[in-house]
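J.: this one's structure only:
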């Protein structure tokens, strides 16, 4: 057969590969060395939002026309009675299923069963990555201690907290935000400092914080170190705020009672130096019971937000809004569905499969090698 | 009267096209702006491929003009009907390309050379849909790629990602 020689430029090949499903992508690592490096270097900066309702998880696609396409993500195991995502990191989700939990990459469909009971999900939770040991860790924070589960070692460690804290989340169903190997939660600090605790290092002078004030709890997973981070001074005493990951930096979303939002970026962690990224005005057409909740900032600096109802945190969100700071305009995206959604989760998809994950529908635990 | 331009293919065929249609190509737009495009615009694209490029550009142009003329009333319904029409047209366009891989690859190169991001993205998706699920050996044949792995290296990749190689 006569075959015409095609020399397709590398950037076209790269563009094509980025549109492939996960399984083909991983398979094509063995085509040649160049393709292998393409797949290894592929990063998805596109933020994906997923919705979880009590019985299903859906991936959200924003269409140019202003509509939203929902694509259901098939859970690899039988769905629990009430579905809740308790952690997200590097394209992996942690989902409790009755007496256990799964660590799941919804894009590749690969998952691993973790011996973490559902009751953990009633506490403040988080999923993070420890670069020093190439290990994913799930963390539960209770009032007085922190439990860290290592996925690689299948081991659990409990660390007492040196302070008395409480969690202050604006929404139901939030979890610790994973940024650069550390987890972050919005908390209220009560100022009660316990005496020295062995096996636990913490670096912070609580005396500089007033009693009962809002701040950020940061858990460094590599050093297993906890510290408290001051909020920007402008936020006042006990503000309504939550946290986002902005390009690997902590972003504080400050909700004003009047309906507008300020977004702050951590410039320097050591000096706890904040700078204001932008202010988002109140959206006039919004019902007085509703408010905007930022989900992510895209590469054009625009903020995607979902609309929530005050007082009833579990109220479904049925539309989104993209705020364009340059023009100060809002673009509306609507969902046509009768489903009730409780959680909005932002993550970037990845090919990551930590440890030895099981393929779909193969329900047995693999011994850690 | 619409401004017309004459495009000359690599095999010396002339295509008369409206300015608005060809300005989708950043490459041609730049040539026009630079004043390099007096008389015929010579392009390193065969007539067969150029015809396909223009087919795409005309369809896109048609879509943009219609959207501009819309008023808000009944826009949703109309958009949905239009979406169906575009889908149908795109399916036909895709089927023709899938049947002739040489044209498809030439068109990919042309969309890159003419800087038509929408067409390039569309074709990348088309190729991705065609190759998804295939085995590495089939991919090497399709793209004329030489396997530069040693058998041991290839085996190691297959072993590491066993799940991805199952049908």
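T.: Yep, that arrived. Given the structure is predicted, the values throughout are model-derived calculations rather than measurements.
J.: For the spatially most central residue of chain B, which non-adjacent residue is closest in space?
T.: Closest to where the C-alpha atoms of chain B average out (CA atoms, centre = their mean) is residue B:119, at 3.5 Å. Nearest residue to residue B:119, sequence neighbours excluded (CB to CB, 6 or more residues apart in numbering or on different chains): residue B:111, at 4.2 Å. Yep, even glycine has a C-beta here, placed from its N, CA and C like the rest.
J.: same question, residue B:108
T.: Once flanking residues are discounted, residue B:108 sits nearest to residue B:123: 5.0 Å by CB to CB, 6+ apart.
J.: hang on, the one you found in a helix?
T.: Yes - using DSSP: H, G, I helix; E, B strand; the rest coil, the assignment for residue B:123 is a helix.
J.: what bridges to residue A:229?
T.: Assessed by DSSP bridges, residue A:229 has beta-bridge partners residue A:216.
J.: From residue B:27, how far out is it?
T.: 50 Å (CB to CB, to the nearest Å).
J.: ok, now residue A:219?
T.: Per CB to CB, residue A:219 is found 52 Å from residue B:27.
J.: out of these two, which sits in the busier spot?
T.: Neighbours were counted for residue A:219 and for residue B:27 using other CB atoms under 10 Å in any protein chain shown; residue A:219 has more, 25 against 14.
J.: so what does the helix or strand residue B:110 falls within touch, helix or strand wise?
T.: Counting by DSSP states H and E, the element that carries residue B:110 is helix B:101-113. Secondary structure elements in contact with helix B:101-113, counted by 3 or more CB pairs under 8 Å, 6 or more residues apart in numbering or on different chains; DSSP states H and E, are helix A:10-17, helix B:47-69, helix B:75-99, helix B:117-131.
J.: Next to chain B, which bits of the stretch 51-200 of chain A? Give me the list.
T.: Contacts of the stretch 51-200 of chain A with chain B, taken as CB under 8 Å from any CB of the partner chain, map to A:65, A:110.
J.: Poorly predicted segments of the stretch 51-200 of chain A, please.
T.: Filtered on pLDDT under 70, the stretch 51-200 of chain A yields the residue ranges A:120-122, A:143, A:169-170, A:191-200.
J.: all helices of it, in order?
T.: Counting by DSSP state H, counting those that start in this stretch, the stretch 51-200 of chain A has no helices to list.
J.: residues near the residue in it positioned nearest to chain B, how many?
T.: Nearest to chain B, among the residues of the stretch 51-200 of chain A, is residue A:65, at 5.8 Å (CB to the nearest CB). By the other CB under 10 Å criterion, the neighbourhood of residue A:65 contains 14 residues.
J.: Assign residue A:285 to one of the three secondary structure states.
T.: Applying three-state DSSP: residue A:285 is coil.
J.: Let me know the distance separating it from residue A:307.
T.: Going from residue A:285 to residue A:307 by CB to CB gives 10 Å.
J.: ok, these two, which is more surrounded?
T.: Higher neighbour count among residue A:285 and residue A:307: residue A:307, with 19 against 9, using other CB under 10 Å.
J.: Doesn't the more buried one lie inside a strand?
T.: Yes - assigned with three-state DSSP, residue A:307 falls within a strand.
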